[in-house]
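Asker: would you be able to build a 3D model of this:
(one chain, ligands or ions: 1)
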Amino acid sequence: MSNRRRFLQAAAGLVGASTVSRLGAAGLPEAPIQTSAATQPPLSPRDGRPYQPVVTLNGWTLPWRMKNGVKEFHLVAEPVVRELAPGMKAHLWGYNGQSPGPTIECVEGDRVRIFVTNRLPEHTTIHWHGVLLPNGMDGVGGLNQPQIKPGKTFVYEFDMIKSGTFMYHPHADEMTQMAMGMMGFLVVHPKNPDFMRVDRDFVFLLSAYDIEPGSYTPRVNTMLDFNLWTWNSRVFPGIDPLVARTNDRVRIRIGNLTMTNHPIHLHGVDFEVTCTDGGWVPKSARWPEVTTDVAVGQMRAIEFVAARPGDWAFHCHKSHHTMNAMGHSVPTMIGVDHRGLVEKINKLVPDYMVMGERGMADMGEMEMPLPDNTLPMMTGQGQFGPIEMGGMFTVFKVRDDIRPGDYRDPGHYRYPKGSVAYEWTGELAPPVRAKAPEADAQTLKVVKPKGHH
Ligand SMILES: [Cu+2]
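Answerer: Numbering: from 1, shown residues only. Presented below is the predicted three-dimensional model:
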């Protein structure tokens, strides 16, 4: 190799290291990195077809560049540090500085070119879940393409022939890479911006981690006993509220890439499922719900009019999924009388506390000594006291005075006078208990099947 060629290569290396955008202009689009876990404002399209952008809960949308009519994106698969909630960080794998990766948004009819650079210690690929595309772009390592080795960049290019909500995730060492947080949303907006138009459009992915209290890295071999149930790799109270103005039409798109189903429940409205990862649901095929089960590998978009102002709970209905890291082997102590026991044990173990002899609600206020980098099991403070929730829980906040495009937390709801449940302080009559009628007692006769003793 000549000295001149060596000099040119060194110069090119310098350019690449110092100015990302100049490198982009030379060939590869730049790969923006986002490390904040705050919900970023929607990214309105600068060029290309117009659309109404989505808001990624505690996340962001990946900027693109237009090159000769093709939308170019650059994803970088890499180790990331993600704050799950204030007080706990996790060492995960993700894309462009975060887990989940940035949301990719484009429009039906777009041709997209997605560069994928692998900065992980092992090979990877990306599968575009739900997208109708040529077989060689489907991203199943070994089946459709060679895996992307560490340090290498692959290019995926295809036409978005159908609008809807899709996901992306590796199809290489999936168990490890998805347990480490590698996933993202892919939203294809309809070519007609008035089709299925809403005022607010939120997206988030369900993921789950098994992180031993006091440690940082998920255990990747866990099958079911996960201890952190997350929305966009965040747990309550680290999940931002979803904010809407009274009478806004709202869509919430929820993708599930955990190992179990999640019945997602919203208070204060009835909604319809209007889209799955298979496409839009025709009006005639929808029915009203207040909970929709999102199975593994599914996306459900729910839609409704935010008719009632207030602070409405929004959560997974599996009660263990609204808890943060907990020991699964804690015995149930309801009804067990511990009087005198604590004092005795405290002589041996100074920090010992009795848990749950009247239920577990005290956990919401309990200031137990926790290992470093560990969240309380349930937490979050409301205007009336501890909310006693963790995990997959947040608040849907509807207010009359929210401006279009404003997603900031409006604070606690100010209840109109006399509209909150209150304590009864009058007389209490003794309870009248019903007696079992004689007739019922007679029919309660146990008949043993013949041949049994
Ligand atoms: Cu759940």
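
Asker: what about stretch 384-393, start to end distance?
Answerer: With Cα to Cα, to the nearest Å as the measure, stretch 384-393 spans 17 Å from end to end.

Asker: should've said stretch 53-60
Answerer: Note: stretch 53-60 ends 11 Å apart using Cα to Cα.

Asker: who touches that stretch?
Answerer: The set of residues external to stretch 53-60 that reach it, using Cβ atoms under 8 Å, 6 or more residues apart in numbering, is 34, 37-45, 61, 98, 100, 102-103, 105, 185, 187, 200-204, 231-234, 238-240, 242, 253, 394, 407. From N, CA and C alone the C-beta is placed, and that goes for glycine too.

Asker: drop anything exposed from these.
Answerer: Neighbour counting with 16 or more other Cβ atoms under 10 Å marks 34, 37, 39-40, 42-43, 45, 61, 98, 100, 102-103, 105, 185, 187, 200-204, 231-234, 238-240, 242, 253, 394, 407 as buried within these.

Asker: so which of the residues you listed reach the ion?
Answerer: By Cβ under 5 Å from the ion, no member of the buried ones among the contacts of stretch 53-60 lies near the ion.

Asker: at the geometric centre of the chain, which residue sits there?
Answerer: Nearest to the mean C-alpha position of the chain, counting by Cα atoms, centre = their mean, stands Trp231 at 2.0 Å.

Asker: any idea how far that one lies from Asp110?
Answerer: 28 Å (Cβ to Cβ, to the nearest Å).

Asker: now do the contacts for Pro213.
Answerer: 325, 370-371, 374.

Asker: which one (most neighbours) among those residues?
Answerer: Of all the contacts of Pro213, Ala325 has the most neighbours under the rule other Cβ atoms under 10 Å, reaching 25 neighbours.

Asker: ok, the closest residue to it other than its chain neighbours - how many residues close by?
Answerer: Distances taken as Cβ to Cβ, 6 or more residues apart in numbering place Asn227 nearest to Ala325, at 4.4 Å, with adjacent residues excluded. Neighbours of Asn227 under the rule other Cβ under 10 Å: 22.

Asker: who's in contact with Asp159?
Answerer: Applying Cβ under 8 Å, 6+ apart, the residues near Asp159 are 109-112, 133.

Asker: what about those, which are in strands?
Answerer: If you go by DSSP state E, the contacts of Asp159 have 111-112 in strands.

Asker: among the contacts of Asp159, which ones are buried?
Answerer: Using 16+ other Cβ under 10 Å as the burial test, the contacts of Asp159 include 110, 112, 133 as buried.

Asker: give the contact list for the last one.
Answerer: Think Leu133. Neighbour list for Leu133: 158-159 [criterion: Cβ under 8 Å, 6+ apart].

Asker: so where does Met178 fall, helix or strand?
Answerer: helix 174-179 (DSSP states H and E).

Asker: what parts of the stretch 201-350 of the chain come near the ion?
Answerer: Checking the stretch 201-350 of the chain against the ion by Cβ under 5 Å from the ion, the hits are 262, 316, 318, 321.
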